[in-house]
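J.: quick one, structure for this:
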Amino acid sequence: MSDYLFICPRKAERNSDMPTLPLLEHARRARGLTQAALATSAGISVPTLRGLQRGSGTLRSLQGVMRILDLDWGWMPIGTDPVQTIVARRLSKGLTQAGLARRVGCARGTIIDLEKNLGGGVAILIAVLSALGLRPALRSRNRGSKPGLVPPRNAPSRDMVMTPPELAAAILSHFQSQMVGRILDPARGRGAFFDQFPAHLERDWCELTDGRDFLTSTQPVDWIVTNPPWSRLRDFTRHAMTLAPNIVWLAPLVNLTTKARLRDIEAAGFGIAQILWLDTPKGWPQSGFQLAAVYLKKGHTSGWDIGRLACAAQLQAA
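T.: So this is what the prediction gives:
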């Protein structure tokens, strides 16, 4: 689909009745709400609600409806601010505010308003997301979903947890003797892993908030090691397996051993070579799921080597 699909968003809206934001309608129906009931709860009219579904109206009105339907911005990686994500993507593409405005067919002031406080219209936001390759516009927060063995998507405050340097050092020390070549930290954060990568390796990093999106990276490496955003672990794993033959994730074990995740790993020609289970560091969200350092290795077809990371107990007691 062309980046310029929404250059004239209002004209596109007049020429089509297809919903630009279909999740609004799906979420409303799932909650058994009529359009009138939802509009009343959100303090808007039914025509305004229908316009929001087609991609018109104000972002303020849209956010009112999103709160009622328990929806969130879909392009926002867990643990980041939606505006910061837009700005980071614009900068990563080498676009100024004026350049982005020209691409979507609006005034620079409109982009400034959007990047300042997520102000302005829905049509402009959709046009900006399209131009920057950010999808989707909306997503469900998954509250109230049917219970299962896999935890629901983390809230941002629970997903953005920083790795204690001592834990990162212990994980790296365990695998250091196997490491050669080039190593990447795809979610550098404060540098707990990156800053302690072995000196004999060529090091690189990604960090979305600093304008380096791992999911758009194409540079092959020999190792990828980090504490990834757990709610995006599937996306990170799929992409990592296209870039490196050796991957070590610090994550809840259940997030890597569901049937879907194991199918992904096998389909990519990888296997789980080692699982190092450890206690959840003090101050981290206590999810009830076992935390582990998991080593995914390309071509591995034998069993899982399971053990415990030596420093886990000390970290828990710190």
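
J.: all helices of the stretch 51-200 of the chain, in order?
T.: Remark: helices assigned in the stretch 51-200 of the chain by DSSP state H, counting those that start in this stretch are 59-69, 82-92, 97-104, 108-117, 122-132, 156-159, 165-175.

J.: off-centre distance for the second one?
T.: Per CA atoms, centre = their mean, to the nearest Å, the displacement of helix 82-92 from the mean C-alpha position of its chain is 13 Å.

J.: deepest-packed of the helices of the stretch 51-200 of the chain, please.
T.: helix 122-132 (a mean of 23; mean count of other CB atoms under 10 Å). Bear in mind the C-beta positions are built from the backbone N, C-alpha and C, glycine included.

J.: which stretch in the helices of the stretch 51-200 of the chain is the model least sure about?
T.: Of all those, the minimum mean pLDDT falls on helix 156-159 (a mean of 44).

J.: in a markdown table, list the helices of the stretch 51-200 of the chain along with distance to residue 189.
T.: Output for the helices of the stretch 51-200 of the chain, formatted as a markdown table (distance: least, CB to CB, whole Å):
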| stretch | distance to residue 189 |
| --- | --- |
| helix 59-69 | 28 |
| helix 82-92 | 14 |
| helix 97-104 | 27 |
| helix 108-117 | 23 |
| helix 122-132 | 23 |
| helix 156-159 | 12 |
| helix 165-175 | 10 |
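
J.: for those, which one sits closest to residue 20?
T.: Set against residue 20 and scored by CB to CB, the helices of the stretch 51-200 of the chain come closest in helix 122-132, at 6.0 Å.

J.: can I get the closest one in PDB, CA atoms only?
T.: Written as PDB, here are the backbone C-alpha positions of helix 122-132 (Å, rounded to 0.1, in the frame of the first residue of the first chain):
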ATOM      1  CA  VAL A 122      -7.900  11.500  13.300                       C
ATOM      2  CA  ALA A 123      -7.400  11.700   9.600                       C
ATOM      3  CA  ILE A 124      -4.000  13.400  10.000                       C
ATOM      4  CA  LEU A 125      -2.900  10.900  12.500                       C
ATOM      5  CA  ILE A 126      -3.800   8.000  10.200                       C
ATOM      6  CA  ALA A 127      -2.000   9.800   7.300                       C
ATOM      7  CA  VAL A 128       1.100  10.200   9.500                       C
ATOM      8  CA  LEU A 129       1.100   6.600  10.700                       C
ATOM      9  CA  SER A 130       0.800   5.500   7.000                       C
ATOM     10  CA  ALA A 131       3.700   7.700   5.900                       C
ATOM     11  CA  LEU A 132       5.900   6.500   8.800                       C
END
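
J.: isn't residue 225 right up against residue 183?
T.: Yes. Judged on CB atoms under 8 Å, residue 225 makes contact with residue 183 at a distance of 6.4 Å.

J.: mutual contacts of these two, please.
T.: Common neighbours of residue 225 and residue 183, counting by CB atoms under 8 Å, 6 or more residues apart in numbering, are residue 197.

J.: which residues of this protein fall in strands?
T.: With DSSP state E as the criterion, the chain has strands at 71-73, 138-140, 182-185, 202-205, 223-226, 246-252, 270-278, 291-298, 305-308.

J.: out of these, the one nearest residue 57 is which?
T.: Within the strands of the chain, the stretch nearest residue 57 is strand 138-140; the backing value is 13.7 Å (CB to CB).

J.: buried stuff in the closest one?
T.: Applying a neighbour-count criterion of 16 or more other CB atoms under 10 Å, one finds 138, 140 buried in strand 138-140.

J.: phi, psi of residue 133?
T.: phi 70, psi 30 (degrees, to the nearest 10).

J.: what score does it have for pLDDT?
T.: For residue 133, pLDDT reads 89.

J.: just give me the neighbour total for it.
T.: Close neighbours of residue 133, defined as other CB atoms under 10 Å, add up to 12.

J.: residue 203 now?
T.: For residue 203, using other CB under 10 Å, the count is 16.

J.: the residue nearest to it when sequence neighbours are not counted and residue 136: what is the separation?
T.: Nearest non-adjacent residue to residue 203, counting by CB to CB, 6 or more residues apart in numbering: residue 197, 4.8 Å away. For residue 197, the distance to residue 136 (CB to CB, to the nearest Å) stands at 34 Å.

J.: who has more neighbours, these two?
T.: Neighbour comparison, residue 197 and residue 136: the larger count goes to residue 197, with 22 against 12 (by other CB under 10 Å).

J.: the more buried one and residue 206: what is the separation?
T.: From residue 197 over to residue 206 (counting by CB to CB), the distance is 14 Å.

J.: overlap in contacts, these two.
T.: By CB under 8 Å, 6+ apart, the residues touching both residue 197 and residue 206 are residue 185.

J.: looking at the strands of the chain, which is buried most?
T.: Stretch with highest mean neighbour count among the strands of the chain: strand 223-226 (a mean of 26; mean count of other CB under 10 Å).

J.: helices or strands next to that one in the packing?
T.: Other helices and strands packing on strand 223-226, by 3 or more CB pairs under 8 Å, 6 or more residues apart in numbering; DSSP states H and E, are helix 165-175, strand 182-185, strand 246-252.
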